[in-house]
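J.: below are the sequence and a predicted model for it; my questions follow.
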Amino acid sequence: MKRQHWITLLAGLASALALQAQEPPQEPRNEIRFDAATERAFDHTGKHQTVSHQPDGTTLTEFNGSFQNVTVARIGADGKVETLCTTDQEAARRFMAGEDVEPEKTTRLESPVVRQP
Amino acid sequence: MKTATAFTVRPSATLPGILMVLVLGLGHAPPASAAANFVLNNVDGPGEGFNDPAAPPHANQKGNNPGNTLGQMRLNVLQAVASQWGATLNSSITITVNIQFDPLTCAAQSAQLGSASATATASGFAGSLASTAYHIALAESIAGSNINGSSAEMSATFNSALDTNNPACMGGGGFYYGLDGNAPAGTTDLFPVVLHEFAHALGFVPIYNPATGAFTSGGGFPDVYSRNLLDVEAGKSWPQMNNAERLASSTNEPDLMWSGNAVNARLELFLDPVAEVKINAPPGIVGTHTAVLGEEPLAVIPPAGVTAGMIDGTALLADPCVQVPPGQVGAFAGKIALYDLPGGCPAFVPAFYADIAGAAGVIVRNTAASGLPDVSGVINNQDITIPYVGVTQAVGNSLRANIGTANVTLQDSATLLNGVGNGQIRMYAPTALAAGSSVAHWTRSARPDLLMEPVKGILPYNQIDLTRAAMVDIGWSVNGLEPEPVAEEIFENGFENPPP
């Protein structure tokens, strides 16, 4: 079917590629704000923790709202929802602003391996 | 043995007169073993969040969710996730989760979906490893006792602003509350987000300061998750490192690995083989090279591989990003076409046109000096039915220099799996730009996608996959752990049975 109707389908491909090239408008990174509870959720310094010691020797470290994993989402160039799970507020803002969260375009799947036959 | 799970939804404290205690066995008998019992403690106020009496703004948000109000649909999703984790994990101590929906950050094209975590870690309890911190639900399951009194073990908050039919919030599509993984376009599937976040709260995350590398649990102890992190370049596990070494290791993909035996014994059950280009001729360049396979779902390598001679598509065509001109189509028939990684379009575009022209496969040569090229991405409304793979520039150069006599096979590796090195799965640990997702997730090079990868287009709907084994590695007792694959043993007599 693909070969019989390729003209129509390629028009669709052109649209898809055009969509890919045309990024949807995103919120500027510096205008994305999180509420106080979420800012605490992002905190992984330990400053919100409380530590207590129980008679049996157990040490309990309570996070008090910090040390959370936060999931953010954006609508991608293809119109589909993309998600990022992060503990970093700036990474969350960058993702929500439509920026790349990975700096490299090359895919580092495996180091090249050559095996002799 | 199949085990049953119980859930209790604790009513909001502001609704004392309404009994909302539900015990759902999802068709199973009441718990007869130590399957984990999750209590969802609804902390929302009257008329909001999990108590919202309104219908969702869009009919397509409901899916197969049996609820009729936003509040009930939300509870049903959380219950379903608790059911799945409850059936997976064993614990004699109730796991209480404080749950709420609140208005959180939203923008026209993006939003905060929610967050979750354990409420605490514990160390020094009966049954624990020395000087090791555990997420509290795990700690209590090992100790067999309640360590944190009346406090919840986990907390989870999600964004109610998505369901306000506001185009300025993720386009206004809202959460999808179906329990079937069939989220319509424009909606955000809640179930897999919760399933993923609960895994973190149950222990799938290191407890350290990503700015300093220091462990932060009381006493500065490493957590049990970090005890499974091994940097093969440094030759040290995370507990063996000082803070600076740990910080460097957190961005050391592909050399930061998961060392836990339960996971690494089951990699081949969940991960696809790495693609390879085997050069059969001419004799001077014969060899087998690791490649990266494109993402188009039908562009798979058949079991027997694809073997053919080659043509140089880049040399033949003025523009690889457009259809092959009719006069040159014949040159592609039955051949494996070599292209440079195009600059004007994604790699799948010349692969698509080569498929149309009748090619048997495509090899994309990296234009960068090192590494494998980016052949990621898919076409939304088309299929590519031939395999296309990316190779290093050096391999591409060898093929180009011998294009007239080259004969190659595109094949699956018999020994290498995507996302795996030296028999261990890699952790997500790219450079600092991705800070915050690092180390707490599997590598993105795992294929197929796993529940605990950091970035997703579409999350695996309800597959706990390798995370089940990871839970074993950090100390959970689990149900349904897949048996380890049995290695095929070939004896010296060449048969699978020992000589008589």
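T.: Received the coordinates, thanks. Numbers count the residues shown, from 1 in each chain, chains lettered A, B, ... in the order given.

J.: in chain A, which residue sits nearest chain B?
T.: Proximity of chain A to chain B (Cβ to the nearest Cβ) peaks at A:Asp88, 2.4 Å away. Glycine gets a C-beta too; all of them are placed from N, C-alpha and C.

J.: now do the contacts for that residue.
T.: A:42, B:210, B:435-437 (Cβ atoms under 8 Å, 6 or more residues apart in numbering or on different chains).

J.: can you redo those residues as a markdown table with neighbour count, pLDDT and distance to B:Val486?
T.: Below are the contacts of A:Asp88 laid out as a markdown table (neighbours: other Cβ atoms under 10 Å in any protein chain shown; pLDDT from 0 to 100; distance: Cβ to Cβ, whole Å):
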| residue | neighbour count | pLDDT | distance to B:Val486 |
| --- | --- | --- | --- |
| A:Phe42 | 22 | 91 | 45 |
| B:Pro210 | 22 | 91 | 40 |
| B:Ala435 | 21 | 64 | 41 |
| B:Gly436 | 26 | 70 | 40 |
| B:Ser437 | 26 | 78 | 35 |
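
J.: among the residues you listed, which one sits closest to B:Val329?
T.: B:Ser437 (44.6 Å; Cβ to Cβ).

J.: mind checking the SS state of that closest one?
T.: coil (DSSP: H, G, I helix; E, B strand; the rest coil).

J.: show me what contacts it?
T.: Contacts of B:Ser437 by Cβ under 8 Å, 6+ apart are A:84-88, A:91, A:101, B:428, B:454-455.

J.: next one: A:Thr59
T.: If you count contacts by Cβ under 8 Å, 6+ apart, then A:Thr59 has A:51-53, B:122-124, B:217-219 around it.

J.: can you lay out those as JSON lines showing neighbour count and secondary structure?
T.: Formatted as JSON lines, those follow (neighbours: other Cβ atoms under 10 Å in any protein chain shown; DSSP: H, G, I helix; E, B strand; the rest coil):
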{"residue": "A:Val51", "neighbour count": "14", "secondary structure": "strand"}
{"residue": "A:Ser52", "neighbour count": "12", "secondary structure": "strand"}
{"residue": "A:His53", "neighbour count": "12", "secondary structure": "strand"}
{"residue": "B:Ala122", "neighbour count": "28", "secondary structure": "strand"}
{"residue": "B:Ser123", "neighbour count": "24", "secondary structure": "strand"}
{"residue": "B:Gly124", "neighbour count": "20", "secondary structure": "coil"}
{"residue": "B:Ser217", "neighbour count": "27", "secondary structure": "coil"}
{"residue": "B:Gly218", "neighbour count": "23", "secondary structure": "helix"}
{"residue": "B:Gly219", "neighbour count": "14", "secondary structure": "helix"}
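
J.: so B:Val391 versus chain A, what's the distance?
T.: Here B:Val391 is placed at a distance of 8 Å from chain A (Cβ to the nearest Cβ, to the nearest Å).

J.: one more: B:Val378?
T.: 9 Å.

J.: and that residue, its phi and psi?
T.: Main-chain dihedrals, B:Val378, degrees, to the nearest 10: phi -140, psi 160.

J.: against B:Asp449, how distant is the residue of chain A closest to chain B?
T.: Distance of A:Asp88 to B:Asp449, computed by Cβ to Cβ, to the nearest Å: 22 Å.
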